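**Student:** next come a sequence and a model predicted from it.
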Amino acid sequence: MHVILEQFPQLADAIHVWGLAVADAFRQFGIDFPPAWINL
């Protein structure tokens with residue numbers, strides 16, 4: 001999947017933004033997902 005995302009950087013950006021939005025939604029309820037200390 002890594003190679004596919006390199007070929008489609010806009011798709012990679014969209015997935016990244018979606019993941020951040022999901023994580024922010026969980027943080028409102030006190031659930032740290034993924035943990036904030038993980039810096040990928």
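**Tutor:** Looks like it arrived, so ask away. Numbers count the residues shown, from 1 in each chain.
**Student:** so what's the residue count around I15?
**Tutor:** When neighbours are counted by other C-beta atoms under 10 Å, I15 registers 13. Bear in mind the C-beta positions are built from the backbone N, C-alpha and C, glycine included.
**Student:** that one and F29: what is the separation?
**Tutor:** Spatial separation of I15 from F29 under the definition C-beta to C-beta, to the nearest Å is 23 Å.
**Student:** now do A14
**Tutor:** Applying C-beta to C-beta, one obtains 24 Å for the distance of A14 from F29.
**Student:** and the two? Which one has more around it.
**Tutor:** For A14 versus F29, the count of surrounding residues by other C-beta under 10 Å is larger for A14: 11 against 7.
**Student:** let me know the pLDDT of the residue lying farthest from the centre of the chain.
**Tutor:** The outermost residue of the chain, judged by C-alpha distance from the chain's mean C-alpha position using C-alpha atoms, centre = their mean, is Q7 at 18.3 Å. At Q7 the predicted local confidence, pLDDT, stands at 80.
**Student:** also W18?
**Tutor:** Confidence per residue is given as pLDDT, and for W18 that number is 90.
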